[in-house]
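1. Quick one, what's the 3D model for this:
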Amino acid sequence: MGGNDVLGFIQRAKPYMAVVWLQCGYAGMNIIATIALNKGMSHYVLVVYRHVIAMAVIAPFAIVFERKIRPKMTLSTFFKILGLGLLEPVIDQNLYYTSLKMTSASFSSALTNVLPALTFLLACIFRMEKVNLKKAPGVAKVMGTLVTVAGAMVMTLCKGPVLDLMGSKRKISGEGHTGEVVKKEWMKGSLMLTAGCLCWACFIILQAFTLRSYPAELSLTALICLAGAIEGAVVGLVMERGNMEVWSIGWDTKLLTVVYAGIVCSGIAYYVQGVVMKTRGPVFISAFSPLSMIIVAVLGSFILSEQIFLGGVIGAIIIVIGLYSVVWGKSKDYKVSTSITELPEVGTDSKHQKKNTVELISIDVPPPDQMTVMNPSS
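-> Here you go, the predicted model:
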């Protein structure tokens, strides 16, 4: 394999490496956040501090590296940024953290696999994704979306027996009344998590639209984090009813959670998501969430001793099958679009060839005032 082949392979692998890194970051966030929330940290406080740190980290890079390419702020872009700050940083994350306390880290990570299906549906509605049911890739994307939704419903409605993996089976005190309370909390948490995934999908679609009019990823990330911090602070003050003690954190797991979530899962994640989205689209971004599910399930069994239910495993397998059906169809569409884009570079464009021919003629023929008049007798 030559040097050009290696460079070409690395260039093609960049989007995949980026989204894999994102899922690893999200998996770590699930584990750390679960520990902090179990120790009494308010998720409203976590959301606000998380985006304050993210904004403080990203803003200097945006000021330095995008000072020449940053477009002017318009009223339309301003309202889009407010919407972005409300959808994911405030609504989605607060719903997610609330459901995290009601269910478990592994279950929450697994159910978020419905995100690619929701993103795909919204992308079709807003004509950001093309579906041709007469070809296999189009059928695969539609069927994969339906299978993914079915898997999410299985995970939500069917728990089944507890699987004792790596000693993760825990004793639950009080079977009768307590079991009913746990079941109700589990169902409520599942519904809240599904609503959060819908907000997350809307965030991805709106971010793709915003990048068209404001193509400065670092600046947009900083502004989203700023809007999310301000809007989240308003929500937090209202929901905590003026209890200022919850806003104090020390040098403990709570501080680690805030710093990790702000830098990795908000600042860097929003930026990388925007960069990859410009070339691969919103569906590609959300297509790798099963990787986070696998990592969280393994770490959750070892670190948190979480229970793994048979219904969750079956639903997760169904979700993965449907998800990668969507990914396969999406990859075929990308290959077709790439081949069409590269056609003019091969020189098959007749207009391009004609332009080159005209330029060659103009170079070979000198101007009239410099032409030498030939003597007929010579």
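
2. can we go C-alpha only for contacts and neighbour counts from here?
-> Fine.

3. Give me the below-cutoff pLDDT ranges for the stretch 1-150 of the chain.
-> 1-3 (pLDDT under 70).

4. 50 - rerun?
-> The stretch 1-150 of the chain contains no residues with pLDDT under 50.

5. can you pull out the helices in it?
-> Ranges of helices in the stretch 1-150 of the chain, per DSSP state H, counting those that start in this stretch, are 3-38, 43-65, 75-85, 93-102, 105-111, 115-125, 136-157.

6. Need those helices in a markdown table (columns: distance to residue 300).
-> A markdown table is the format used below for the helices of the stretch 1-150 of the chain (distance: least, CA to CA, whole Å):
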| stretch | distance to residue 300 |
| --- | --- |
| helix 3-38 | 7 |
| helix 43-65 | 20 |
| helix 75-85 | 30 |
| helix 93-102 | 12 |
| helix 105-111 | 6 |
| helix 115-125 | 21 |
| helix 136-157 | 17 |
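
7. looking at the ones you listed, which is buried most?
-> When you average the neighbours per residue for each of these (mean count of other CA atoms under 10 Å), helix 105-111 leads with a mean of 27.

8. name the helices or strands packed onto it?
-> For helix 105-111, the packing partners by 3 or more CA pairs under 8 Å, 6 or more residues apart in numbering; DSSP states H and E come out as helix 3-38, helix 93-102, helix 136-157, helix 176-213, helix 289-299, helix 310-341.

9. My guess is residue 51 contacts residue 230. True?
-> No. The criterion here is CA atoms under 8 Å, and residue 51 misses it with residue 230 at 9.1 Å.

10. Residue 153 versus residue 82, what's the distance?
-> Separation of residue 82 from residue 153 (CA to CA, to the nearest Å) stands at 32 Å.

11. Please read the previous query as pertaining to residue 60.
-> Distance of residue 60 to residue 153, given as CA to CA: 43 Å.

12. Which of the helices of the stretch 1-150 of the chain sits closest to residue 313?
-> Of all the helices of the stretch 1-150 of the chain, it is helix 136-157 that lies closest to residue 313, at 7.7 Å by CA to CA.

13. How far does the helix or strand just after that closest one sit from its chain's centre?
-> Remark: after helix 136-157, the chain's next helix or strand is strand 162-163, criterion DSSP states H and E. Averaging C-alpha positions (CA atoms, centre = their mean, to the nearest Å) puts strand 162-163 30 Å from its chain's average.
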